[in-house]
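Chemist: no sequence for this one, just the structure:
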């Protein structure tokens, strides 16, 4: 046995993860970022928005969403598979009992048996242990996959909630502008009756008001769809949140301080990167398992029991039977299947390594993209806010001057259209800035805790 063991090839020794160049800092970090965020500080990033409804929705989704429950079941399955594989390291023991009655010519006879059987396969070349290691790595990957589902789900709920609040703001803007345009329409009608303007001006005012009114049903439909999406994400039927989300509220904004981890820390706290690491470990263990399957296997077995012709005789010392068996199985000719299986698992290991590299690069890209988007939308919001203030003043002045007959109606129309456009852009960009924060926290790996 020892001589044969010395012939076994070694498992791959390069257990290091693929080398991926990680920058020391984010190129799009910009200002307003605080280095040194940890996975703990980002675990419940949605609380940074200081919105009780958002917090309640995210926590409800993490409890009841079907994707989370599916991932939890997959984790339980993976952990159970570890127990299945670990059982192969231990002896197996069974008990049996039987009674037989036989007839031959003119005689009959009875046979009674009872006993225990035991068997054990020493894991000389580590085949079973490698299987256990692979299962343990699979379980850790399933745990990281559950965390990844939690990260994605929390971000999806937050983005949908922010979109809903943004739609509510846009709906309020549309209604406010519609009211203003209807007032202008009323003025044009009075001026028409007084002979101070033409029917063309009145029809232009009516067209502008109807165009704005036409936006309201679309916004209301989008609002309803957002409520339905949030209900399903939280494990409820569509419409279950209609009463909760009926009242309008501002778009939630996070605190000014932005916790931003350095790239290396981000990769350690992102669950998808952790899952990719564990898949490499599992693939590596399966290479070792396939390699060990090419070498002899040994087994020890034995039995201890009672055998007699009558039930009473089972208690006698002469009824005791025992057996001990040792065996070895050596693969000789298998058409190269064992070596091919090693190549199969080696190729799977290479796939896992490449997938890890892709996951790391995607993680770095996610953070950089989120930072760039956040910085751009912040600057855009500053400009649009100033533009909206100017448009509001211009619309007010134009309406006043038109009422006094100092300017034509075309100027009023232009200022009203500009005001509606800039106010909608401000509302949309405000929601975009909040959503950019959500995507950044997701990219940093926030939104999960260690599974129980």
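Modeler: Cool, the structure landed. In this text the structure is predicted, and so the values were computed from the model without any measurement.

Chemist: In contact with residue 167, which residues?
Modeler: By C-beta atoms under 8 Å, 6 or more residues apart in numbering, the contact list for residue 167 reads 219, 222, 223, 226. Backbone N, C-alpha and C define where each C-beta goes, glycine included.

Chemist: and it, what element?
Modeler: Using DSSP states H and E, residue 167 sits in helix 127-193.

Chemist: now residue 438, nearest residue through space, not along the chain?
Modeler: residue 158 (4.5 Å; C-beta to C-beta, 6 or more residues apart in numbering).

Chemist: OK, contacts around that neighbour?
Modeler: 46, 49, 54, 58, 435, 438.

Chemist: Strands along the stretch 301-450 of the chain, start to end?
Modeler: 320-329 (DSSP state E, counting those that start in this stretch).

Chemist: Weed out the non-buried ones from the contacts of residue 167.
Modeler: Neighbour counting with 16 or more other C-beta atoms under 10 Å marks 219, 222, 223, 226 as buried within those.

Chemist: Can you list which of the residues you listed are found in helices?
Modeler: 219, 222, 223, 226 (DSSP state H).

Chemist: nearest to residue 417, of these?
Modeler: The closest of those to residue 417 turns out to be residue 219 (C-beta to C-beta; 17.4 Å).

Chemist: in terms of contact, does that closest one touch residue 173 like I think?
Modeler: No: in this structure residue 219 lies outside contact range of residue 173 using C-beta atoms under 8 Å: 9.4 Å.

Chemist: Quick check: the gap between residue 67 and residue 230.
Modeler: Separation of residue 67 from residue 230 (C-beta to C-beta, to the nearest Å): 15 Å.

Chemist: Low-confidence ranges, the stretch 251-400 of the chain, go.
Modeler: 258-260, 305-306, 308-319 (pLDDT under 70).

Chemist: With the stretch 51-200 of the chain instead?
Modeler: Looking at the stretch 51-200 of the chain by pLDDT under 70, you get 104-107.

Chemist: returning to that earlier point: could the ones in helices among the buried ones among the contacts of residue 167 go into JSON lines alongside distance to residue 152 and pLDDT?
Modeler: Formatted as JSON lines, those follow (distance: C-beta to C-beta, whole Å; pLDDT from 0 to 100):
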{"residue": "219", "distance to residue 152": "27", "pLDDT": "94"}
{"residue": "222", "distance to residue 152": "22", "pLDDT": "95"}
{"residue": "223", "distance to residue 152": "24", "pLDDT": "95"}
{"residue": "226", "distance to residue 152": "18", "pLDDT": "95"}
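
Chemist: Distance to residue 378 added to the residues you listed, as TSV?
Modeler: As requested, those are exported to TSV (distance: C-beta to C-beta, whole Å):
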residue	distance to residue 378
219	25
222	25
223	26
226	24
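
Chemist: Please identify which of these is nearest to residue 389.
Modeler: Nearest to residue 389 among these, with distances taken as C-beta to C-beta, is residue 219, at 23.2 Å.

Chemist: The closest one: what's it in contact with?
Modeler: Residue 219 neighbours (C-beta under 8 Å, 6+ apart): 167, 170, 171, 174.

Chemist: nearest spatial neighbour of it, skipping sequence neighbours?
Modeler: Closest residue to residue 219 apart from its sequence neighbours, by C-beta to C-beta, 6+ apart: residue 171 at 4.5 Å.

Chemist: I'd guessed that neighbour sits against residue 223; true?
Modeler: Yes: here residue 171 lies in contact with residue 223, judged by C-beta under 8 Å, at a distance of 6.7 Å.

Chemist: Phi and psi next, for residue 22.
Modeler: Note on residue 22: its backbone torsions stand at phi -110, psi 120 [degrees, to the nearest 10].

Chemist: confidence score at it?
Modeler: Predicted confidence (pLDDT) for residue 22: 86.

Chemist: Tell me, how many residues neighbour it?
Modeler: By the criterion of other C-beta atoms under 10 Å, residue 22 has 14 neighbours.
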